[in-house]
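Participant: prediction below, plus the sequence it came from.
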Amino acid sequence: MGLKMPKVFNPFLDLLPKIDVHGYNRDMIKYVLNDFINDNIKLKNKKIVIIHGKGEGILKDEIHLLLKKDNRVQKYYLDSFNTGCTVIELK
């Protein structure tokens with residue numbers, strides 16, 4: 001049995017609004033993402049988190065494609081502690 005790596009997490013990520021999209025498909029993700037961004041703009045949140053998981057990167061790629069085109073998004077990036085999460089900074 002190999003060494004078990006300790007789980008590293010970003011404690012500040014827990015303070016941000018987040019949504020877990022595990023199990024969603026590409027078609028559903030655009031509606032969920034749009035609603036989540038709209039809700040957080042209304043709540044005046046400037047930073048939010050999407051938990052998409054690591055896997056094959058299908059959800060992450062689709063989310064990043066949608067965020068790239070979204071004019072409400074100032075910046076987005078993978079969390080440096082957990083690449084299964086994308087942090088979004090809203091305008």
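Facilitator: Alright, I've got the coordinates. None of these values were measured; they are calculated from a predicted model.
Participant: so Val21 sits right up against Ile50, yeah?
Facilitator: Yes - counting by CB atoms under 8 Å, Val21 does reach Ile50; the two are 6.2 Å apart. (C-beta placed from N, C-alpha, C; glycine too.)
Participant: find residues that contact each of the two.
Facilitator: Common neighbours of Val21 and Ile50, counting by CB atoms under 8 Å, 6 or more residues apart in numbering, are Leu33, Ile63.
Participant: okay, the two: which has more neighbours?
Facilitator: Ile50 (24 against 21; other CB atoms under 10 Å).
Participant: my read: Asp20 touches Phe36, true?
Facilitator: No - the criterion here is CB under 8 Å, and Asp20 misses it with Phe36 at 10.8 Å.
Participant: looking at these two, which one has more neighbours?
Facilitator: Legend: neighbour count by other CB under 10 Å for Asp20 and Phe36, higher for Phe36 (18 against 13).
Participant: how about the nearest residue to the more buried one, chain neighbours excluded?
Facilitator: Ile19 (5.0 Å; CB to CB, 6 or more residues apart in numbering).
Participant: ok, Ile48 - contacts?
Facilitator: Leu16, Pro17, Lys18, Ile19, Phe36, Ile37, Asn40, Val87, Ile88, Leu90.
Participant: mind listing what's buried along stretch 29-40?
Facilitator: For stretch 29-40, the neighbour count (16 or more other CB atoms under 10 Å) marks Ile29, Leu33, Phe36, Ile37, Asn40 as buried.
Participant: any idea how far Pro11 is from the third one?
Facilitator: Plainly put, Phe36 is 22 Å away from Pro11 if you go by CB to CB, to the nearest Å.
Participant: SS state for the most centrally placed residue in the chain?
Facilitator: Centroid-nearest residue in the chain: Ile50, 2.0 Å away (criterion: CA atoms, centre = their mean). At Ile50 the chain is in strand, as set by DSSP: H, G, I helix; E, B strand; the rest coil.
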